[in-house]
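S.K.: Here is a sequence together with a model predicted from it:
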Amino acid sequence: MLQANTWHASQKIKQLPQGRVQISLHLNSLEEITNWLMSWGEHITVIKPEELRLKLLKIAQKMVERYAQK
């Protein structure tokens, strides 16, 4: 269960089955949220906007390329 922290003034948190949580935010840019989402690692799934999902995918692919070469 997600703690009752406030990360953004516009946030809406909905508890879902199996301990999952849905968070909705209204932001001015994706830069506001990208690093925060990355800090959750494999524990998040971005549903929308598609632009944010693709941005995180691109970052993850670059990380795989970087670390798979070592």
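M.R.: Now that the structure is in, tell me what you want to look at.
S.K.: So the spatially most central residue of the chain versus residue 27, what's the distance?
M.R.: Centroid-nearest residue in the chain, with C-alpha atoms, centre = their mean: residue 37, separated by 3.2 Å. Residue 37 sits 11 Å away from residue 27, going by C-beta to C-beta, to the nearest Å. Bear in mind the C-beta positions are built from the backbone N, C-alpha and C, glycine included.
S.K.: mind checking the SS state of residue 9?
M.R.: With DSSP: H, G, I helix; E, B strand; the rest coil as the basis, residue 9 sits in coil.
S.K.: and it, how many neighbours?
M.R.: Around residue 9 sit 7 other residues, with neighbours defined as other C-beta atoms under 10 Å.
S.K.: can you give me the helices for the protein?
M.R.: For the chain, applying DSSP state H gives helices covering 31-39, 50-68.
S.K.: what about the last one, average pLDDT?
M.R.: Going back to what we said before, that points to helix 50-68. For helix 50-68, mean pLDDT is 94.
S.K.: related to what we said a few turns ago, quick check: pLDDT value at the closest residue to the residue nearest to the centre of the chain other than its chain neighbours.
M.R.: Excluding its sequence neighbours, the residue lying closest to residue 37 (C-beta to C-beta, 6 or more residues apart in numbering) is residue 44, at 5.7 Å. Here, the pLDDT recorded for residue 44 equals 91.
S.K.: thought residue 44 was touching residue 34?
M.R.: No: in this structure, residue 44 is not within contact of residue 34 by C-beta atoms under 8 Å, at 11.5 Å.
S.K.: Which one of the helices of the chain lies nearest to residue 14?
M.R.: helix 31-39 (17.1 Å; C-beta to C-beta).
S.K.: List the buried residues of the closest one.
M.R.: Using 16 or more other C-beta atoms under 10 Å as the test for burial, helix 31-39 gives 33, 37.
S.K.: packing partners for it?
M.R.: Applying 3 or more C-beta pairs under 8 Å, 6 or more residues apart in numbering; DSSP states H and E, one finds that helix 31-39 contacts helix 50-68.
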